[in-house]
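Engineer: no FASTA, just this:
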């Protein structure tokens, strides 16, 4: 678990608030063995999905604070499948 992994997470996360709480949440989950990559991939997929919702004029909830996202293990959330044409 490195601080550089956390910094990469925080840079890529769409909301930059309460950094210290996010760092504590990161340390609590102890992301190792590929988990940082899984987390970053989930953020990118969720960003793309949310952008597609906004483009279609559909409701898109705000991103939670980074610590909330981490504590809720939101990288495990299922993202509904859409065809590229839908996006």
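Structural biologist: Ah, there it is. For clarity, every value in this text was computed on a predicted model and none was experimentally measured.
Engineer: low-confidence ranges in this structure?
Structural biologist: Applying pLDDT under 70 to the chain flags residues 1, 82-87.
Engineer: from memory residue 74 sits against residue 42, does it?
Structural biologist: Yes. Residue 74 lies in contact with residue 42 (Cβ atoms under 8 Å); the separation is 7.3 Å. Where you see a C-beta, it was placed from the backbone N, CA and C, and this is true even at glycine.
Engineer: residue nearest the centroid of this protein?
Structural biologist: The centroid of the chain falls nearest to residue 43 when counting by Cα atoms, centre = their mean (3.3 Å).
Engineer: for that one, give me its contacts.
Structural biologist: 9, 12-14, 75 (Cβ atoms under 8 Å, 6 or more residues apart in numbering).
Engineer: residue contacts, residue 14?
Structural biologist: Counting by Cβ under 8 Å, 6+ apart, residue 14 has contacts 43, 47, 63.
Engineer: please, which helix or strand holds the closest residue in space to residue 76 that isn't next to it in sequence?
Structural biologist: In this structure, residue 76 finds its nearest non-sequential neighbour in residue 42, 7.7 Å apart by Cβ to Cβ, 6 or more residues apart in numbering. Secondary structure assignment for residue 42, by DSSP states H and E: helix 35-55.
Engineer: buried sites along that helix?
Structural biologist: By 16 or more other Cβ atoms under 10 Å, the buried positions in helix 35-55 come out as 36, 39-40, 42-43, 46, 49-50, 52-53.
Engineer: name the helix or strand for the nearest residue to residue 66 once chain neighbours are set aside, please.
Structural biologist: Nearest non-adjacent residue to residue 66, counting by Cβ to Cβ, 6+ apart: residue 22, 3.7 Å away. Counting by DSSP H and E, the element that carries residue 22 is helix 19-29.
Engineer: quick check: buried residues in that helix?
Structural biologist: Quick answer for helix 19-29 (16+ other Cβ under 10 Å): 22-23, 25-26.
Engineer: thinking again about what came up before, widest-spaced pair of the contacts of residue 43?
Structural biologist: 14 and 75 (13.8 Å; Cβ to Cβ).
Engineer: ends of stretch 7-27, how far apart?
Structural biologist: Stretch 7-27 has its terminal residues 12 Å apart, counting by Cα to Cα, to the nearest Å.
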